[in-house]
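> Whatever this is, show me its structure:
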Amino acid sequence: MEMDEKKHYKMYKSKSVWVFACLSTCLIVSFFNDGQNVSAATSASSTQISQTNTGSQPNNETTGETAQSSVNSTATASSSSVADLPSSSDSKSSIGSTISQPTVDKKETSKSDTADNDLTKSVTTSDSDKALPTSKTTLPTSNEQVQSSVGQSQTDQPASSATIATNAVTSDVSQNDQYNEPYRNQYHYSSSQNWINDPNGLFYDSKTGLYNLYYQYNPEGNQWGNMSWGHAVSKDLINWTQEDVAIPMLQNQEWEDFTYTNTTGSLKDKGEVRYVGVPTTNWGDADGKKAIFSGSIVVDTNNVSGLGKDAILAFYTADYQIATRKNDGAEDGWGTWIGLTEIQEQHLAYSLDGGKTFIQYSKDGNAANPQAIIPTSMNQGGDAANFRDPSVVYDAVNKQYYLTVVSGQQALIYKSSNLLDWTYASKIERENDVGNGVWECPSLVPMKVAGTNETKWVFCISVQQGAHATGSGMQYYVGNMTADGTWVPESSKTLQNPMTMDSGEDFYAGIPFSNMPDGRTVMLAWQSNWSYVDEAKTSPWSGNMTLPRELSLKKNADTTDGYLLTNTVVKEIANNEEANVINKAESNFTVSRSDEQVQYEGKQYKISATFSWDEADKPKSVGFKLRVSDDQKYDMIVGYDLTTGLLYVQRLNTGEPNMGAPRDKMNATVNADGSITITVYVDETSIEAFANDGEKSITQNFFMRPENIGDQATTGVYV
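Residues are numbered from 1 along each chain as shown. As a prediction, the model looks like this:
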């Protein structure tokens, strides 16, 4: 999707959001700007969050989004308000609203996800134009593999909204000027260049106060290959600095010779086969290489491994291809040639410098040619080519570690007391949609049930095909752990009825951070889908992460087992937002379809509204219309359909090709009883939509086609 950059920015210079209300509505809009002062067209005061980029070129383009609000039927709506950028404190309301702004400092903003959110309180305009501290970034100096500390500050973000009483709020965040390529998201982490996918080894370092994000990374290009562990750090989970490659591919690996009987997978009918030769990878590259696939990290605080107090232990999958033969001993002792086939095995590397560099662990002490801690011979799943993604967690009750790894459509659980020596304990077998793709990136997550002292073990898994929204996606199951290392599903129906982690196409390979200082369960995911990722080519980078999500396990009578895993954007996002509020003069007002309620400009923002209605006379749908073209032929809708009970993101009119069914509309069932709160985070090519405090979420990439829209692309919100 490469195009002339100047042409792209011309076509995206003005964008708007429309709000169409057909009921009682409470609206919050939080803006993330590209660093330019953008004025609200109507009914808005303004704020700005700036960003300093070391070594970057200034961006002289002013890019914006205009927001309007109206309704699709006559209705009563509660107060709405918008906060935008500093230069528009004198803007006038097209519908007689008064301009007001909360007295917001960092402490107050960080509380914006609570029910007593100060952003809902009207204040005078004299409090306008507050600025948050500048965030900084260090940028790469060459197009080669990262050799020294390079940085990327994923731009400042909006506060997560709370129970919204009366107001609409917008806040802006500046754009990293070096990261201004077409389709580059501005407040979602992406590497400065090259391909990234699964997040790996997420952990918090209490010594440095830094969150560490590792991820699948190709240091040589913006397509999948040469898999290594990239690395980034953050003080707040939002602004990230890219570091050197942490674990590069293994090089100069020696001759292998072993046998294994595959009971599943492509070699299941071959019987015992012999794997013999020098490893290679990337399907024909130079010999002696092993790729570094996904995994997890444990901070060994008590030095149970003996590798060092507070050593950072990285568990990962080594992936390679090797010559494979059957009928060993026949045909002059070599057997029958099958070809180059794939092998995956579990390895360990450890860091003594806080996770910057890693030493390969091997029982024989040969770090240059490390032995696997769980080799193919210990694969109880029967598929040597699909045995990957180790996730390690500590069971505080039974005082042992579990390593969960997938093998085809199974998850295998191993246990250990010292993190080095592992024994097979049990397996979890797929019971839903059996045969459709493989499982990937498993996690066993102990979680307290909200409001109780009860702990459940949530089994999170990524499915490569057959997910809710087509293609790949994430599911979860609730259960319990036994002392012998067996995960027991909550009921006989649990594995037959997977719960959807996120109902969009673009939430995959999510794993939780370990060693969190406050006990929260925070997950980060790759924002893409294996079914179409090759169609979404960008340059010089490819791929980005979702916003980090805080997970909560709650009792819910509407689910199979009575539990629901909710997810909301982490509270730290509030520290990157300052918002002004504009209130309607009246607490309630009546509008018709053609009335304009709010108009504003910006490119990255959060918008949130609480909609309520009379069940006896309810509307058909409520929600937000985004990226509306000047001729109104193209748009994107995030809404709630009251006739079907579905929260949805609809991209049918984006102008993007191949957007027919089933990819045109992603949806999630929400039982709204007279009201619903919808919150949407919008970035350059990203939507993350949430209903009712994370009861359901939809994460979706989108690509508005500049050749299919007018000189300006607008963004609207409809109710």
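> what about Pro442, which helix or strand?
Per DSSP states H and E: Pro442 is located in strand 439-448.
> For that strand, which residues meet the burial criterion?
Neighbour-count burial for strand 439-448 flags Trp439, Glu440, Cys441, Pro442, Ser443, Leu444, Val445, Pro446, Met447 (criterion: 16 or more other Cβ atoms under 10 Å). For every residue, glycine as well, the C-beta is placed using N, CA and C.
> Same check on stretch 445-461?
Those would be Val445, Pro446, Met447, Val449, Lys456, Trp457, Val458, Phe459, Cys460, Ile461, for stretch 445-461 by 16+ other Cβ under 10 Å.
> Looking at those residues, which is nearest Ser234?
Val445 (21.2 Å; Cβ to Cβ).
> Please verify my assumption that Glu345 contacts Phe387.
Yes - applying Cβ atoms under 8 Å, one finds Glu345 in contact with Phe387, separated by 7.0 Å.
> Are there residues contacting both of the two? Which ones?
Here Glu345 and Phe387 have Thr317, Thr376 as joint contacts, going by Cβ atoms under 8 Å, 6 or more residues apart in numbering.
> Look at those two and report which has more neighbours.
Phe387 (29 against 23; other Cβ atoms under 10 Å).
> got the buried residues of strand 439-448 as a markdown table, with pLDDT and distance to Leu642 columns?
Listed next are those as a markdown table, based on pLDDT from 0 to 100; distance: Cβ to Cβ, whole Å:
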| residue | pLDDT | distance to Leu642 |
| --- | --- | --- |
| Trp439 | 95 | 36 |
| Glu440 | 97 | 36 |
| Cys441 | 98 | 36 |
| Pro442 | 98 | 37 |
| Ser443 | 98 | 35 |
| Leu444 | 99 | 38 |
| Val445 | 99 | 34 |
| Pro446 | 98 | 38 |
| Met447 | 98 | 32 |
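> ok, the residues you listed vs Tyr179, which is closest?
Using Cβ to Cβ, Cys441 comes nearest to Tyr179 of the buried residues of strand 439-448, at 26.7 Å.
> now that closest one: how far from Thr679?
Noted for Cys441: a distance of 26 Å to Thr679, by Cβ to Cβ, to the nearest Å.
> how many other residues sit next to the closest residue to Asn567 other than its chain neighbours?
Once flanking residues are discounted, Asn567 sits nearest to Arg549: 4.1 Å by Cβ to Cβ, 6 or more residues apart in numbering. Close neighbours of Arg549, defined as other Cβ under 10 Å, add up to 26.
> wait, what's in contact with Arg549?
Arg549 is in contact with Gly510, Val522, Met523, Leu524, Ala525, Asn567, Thr568, Val569, Val570, Gly694, Ser697, counting by Cβ under 8 Å, 6+ apart.
> now with 10 Å?
Residues in contact with Arg549 (Cβ atoms under 10 Å, 6 or more residues apart in numbering) are 501-502, 507, 510, 512, 521-525, 566-570, 688, 690, 694, 697, 699.
> how close does it get to Glu577?
Distance from Arg549 to Glu577, by Cβ to Cβ: 17 Å.
> Also Ile247?
35 Å.
> just Asn544 next, same as before
In terms of Cβ to Cβ, Asn544 sits 20 Å off from Glu577.
> These two: which has the busier surroundings?
Glu577 (31 against 25).
> What about Glu431, how many residues nearby?
Neighbours around Glu431, by other Cβ under 10 Å: 16.
> my bad, Ala483
Under the neighbour criterion other Cβ under 10 Å, Ala483 is assigned a count of 11.
> again with Asn239
Asn239, neighbours per other Cβ under 10 Å, totals 25.
> May I have the phi/psi pair for it?
phi -100, psi 120 (degrees, to the nearest 10).
> Hmm, it is touching Leu210, no?
No - counting by Cβ atoms under 10 Å, Asn239 does not reach Leu210; the two are 11.3 Å apart.
> intersection of neighbour lists for these two?
Common neighbours of Asn239 and Leu210, counting by Cβ under 10 Å, 6+ apart, are Val233.
> Could you list the low-pLDDT ranges of this protein?
For the chain, residues meeting the criterion pLDDT under 70 lie at 1-178, 282-284, 331-333, 578-603, 629-630, 655, 657-664, 705-719.
> and it, what are its domains?
Taking automatic domain parsing as the reference, the chain has its domains at 5-179+572-708, 194-546.
> measure Glu440 to Tyr681 for me?
Glu440 sits 25 Å away from Tyr681, going by Cβ to Cβ.
> scratch that, Val304 is what I was asking about
From Val304 across to Tyr681, the span is 40 Å (Cβ to Cβ).
> Find the nearest non-adjacent residue to Ala372, please.
Sequence neighbours aside, Glu345 is the residue nearest to Ala372 in space, at 3.9 Å (criterion: Cβ to Cβ, 6+ apart).
> Backbone dihedrals for that neighbour, please?
Dihedral angles for Glu345 - degrees, to the nearest 10 - are phi -140, psi 160.
> List the contacts of it.
Counting by Cβ under 10 Å, 6+ apart, Glu345 has contacts 256, 290, 317-320, 371-379, 384, 387-388, 405.
> Next, the contact list for Leu237, please.
Contact partners of Leu237, counting by Cβ under 10 Å, 6+ apart, are 154, 157, 189, 202, 204, 211, 213, 513, 522, 524, 547-548, 550, 569-573, 575.
> hey, what's the nearest residue to Thr486 once chain neighbours are set aside bridged with?
Among residues not flanking Thr486 along the chain, Ser426 sits closest, at 4.2 Å (Cβ to Cβ, 6+ apart). Here Ser426 sits in beta bridges with Ile413, as judged by DSSP bridges.
> residue ranges of the helices in the protein, please?
Ranges of helices in the chain, per DSSP state H, are 5-11, 106-109, 330-333.
> What about the residue nearest to Thr486, how many residues nearby?
Ser426: 19 neighbours (other Cβ under 10 Å).
> isn't it right up against Gln380?
Yes - using Cβ under 10 Å, Ser426 is in contact with Gln380, at 9.3 Å.
> any shared contact partners between these two?
Common neighbours of Ser426 and Gln380 (Cβ under 10 Å, 6+ apart) are Leu412, Ile413, Tyr414.
> List the contacts of Met636.
Taking Cβ under 10 Å, 6+ apart, we find Met636 in contact with 624-628, 649-656, 682, 687, 700, 702, 704, 715-716.
> try it again with 8 Å
By Cβ under 8 Å, 6+ apart, the contact set of Met636 is Lys625, Leu626, Arg627, Val649, Gln650, Arg651, Asn653, Thr654, Ile687, Phe702, Met704.
> The last one contacts Asn653, correct?
No - under the criterion of Cβ under 8 Å, Met704 is not in contact with Asn653, lying 10.0 Å apart.
> Of these two, which one has the most company?
Of the pair Met704 and Asn653, Met704 is the one with more neighbours under other Cβ under 10 Å, namely 24 against 19.
> From Thr654, how far off is that one?
5 Å.
> Overlap of the contact sets of these two?
Here Met704 and Thr654 share the contacting residues Arg627, Tyr634, Met636, scored by Cβ under 8 Å, 6+ apart.
> picking that back up, mind listing the strands the strand holding Pro442 pairs with, and their directions?
Strand 439-448 pairs in its sheet with strand 455-463 (antiparallel), by DSSP bridges.
> Can you name the residues that contact Lys456?
Counting by Cβ under 8 Å, 6+ apart, the residues that Lys456 touches are Pro446, Met447, Val449, Val478, Gly479, Asn480, Glu490, Leu553, Tyr563.
> hmm, try it at 7 Å
By Cβ atoms under 7 Å, 6 or more residues apart in numbering, the residues touching Lys456 are Met447, Val449, Val478, Gly479, Asn480, Leu553, Tyr563.
> separation between it and Gly437?
26 Å.
> swap in Ser675?
Computed as Cβ to Cβ, the Ser675 to Gly437 distance reads 38 Å.
> what about burial for the contacts of Glu345, which qualify?
Buried by 16+ other Cβ under 10 Å: 256, 290, 317-320, 372-376, 378-379, 384, 387-388, 405, out of the contacts of Glu345.
> Alright, that wraps it up for me.
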